[in-house]
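Chemist: Dropping a prediction and its sequence here:
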Amino acid sequence: MQFLKEFEQVIHTCLWRKYATFQGRADPKEFWLFILFLLLVNLAAGVFISLIYLFSMFIAVIMPAAGLIVGGILMLIAVLALFALFIPFLAVTARRLHDRDMSAWWLLLMLIPSFGVLALFIICIFEGTYGANRFGDTENITEL
């Protein structure tokens, strides 16, 4: 039960209170719980997009134009929802880097295919700095 409460609080923090907040720090728990949430959302979106594809193919057999329109609209909604989650992902990752006393410019590592994302996640695994650093004090980290 405690896990679900913390999970819900992290989602609320990252999606509402700190949606595009790149200042401050994020502890490992906040970061990894939000990453878990994003993985679950991406899994659900993948299933949803697959069902949309099957649904639009079924409708396309009956009414070809309608199948393309319905499938396209639903696919656009799913893609926009995933892009909307990219901003809080960048924000919580920047705050996690700040907790490690690293600049958010390290987010540019993601632009290096394969290696960059892996390197960034390895950096985020380690504990942050204790006490104050140039991005704030540990008191500024959201309590879960």
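Modeler: Received it, and whenever you're ready, just let me know what you need. Predicted model only: the values in this text are computed from it and were never measured.
Chemist: Next secondary structure element downstream of the lowest-mean-pLDDT helix or strand in the chain?
Modeler: Least confident helix or strand of the chain, by mean pLDDT, DSSP states H and E, is helix 64-84 with a mean of 80. Downstream of helix 64-84, the first helix or strand assigned by DSSP states H and E is helix 86-99.
Chemist: Take that next one, keep the C-alpha atoms, and write them as CSV.
Modeler: Provided in CSV are the C-alpha atoms of helix 86-99 (Å, rounded to 0.1, in the frame of the first residue of the first chain):
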residue,chain,number,x,y,z
PHE,A,86,8.2,13.7,-22.9
ILE,A,87,8.4,17.1,-21.2
PRO,A,88,8.0,15.8,-17.6
PHE,A,89,10.5,13.0,-18.5
LEU,A,90,13.0,15.6,-19.5
ALA,A,91,12.2,17.7,-16.4
VAL,A,92,12.6,14.8,-13.9
THR,A,93,15.8,13.7,-15.6
ALA,A,94,17.2,17.2,-15.4
ARG,A,95,16.3,17.3,-11.7
ARG,A,96,17.9,13.9,-11.2
LEU,A,97,21.1,15.1,-12.9
HIS,A,98,21.0,18.2,-10.6
ASP,A,99,20.8,15.9,-7.6
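Chemist: Does anything pack onto that helix? Which helices or strands?
Modeler: Applying 3 or more Cβ pairs under 8 Å, 6 or more residues apart in numbering; DSSP states H and E, we find helix 86-99 packed against helix 28-62, helix 115-125. C-betas here are computed from N, CA, C, even on glycine.
Chemist: Apply 6 Å and report the result again.
Modeler: Here helix 86-99 touches helix 28-62, going by 3 or more Cβ pairs under 6 Å, 6 or more residues apart in numbering; DSSP states H and E.
Chemist: any idea of the angle the helix it packs on forms with helix 86-99?
Modeler: Counting by axes from the mean of the first three to the mean of the last three Cα atoms, to 10 degrees, helix 28-62 lies at 160 degrees to helix 86-99.
Chemist: between helix 28-62 and helix 64-84, how big is the angle?
Modeler: 170 degrees.
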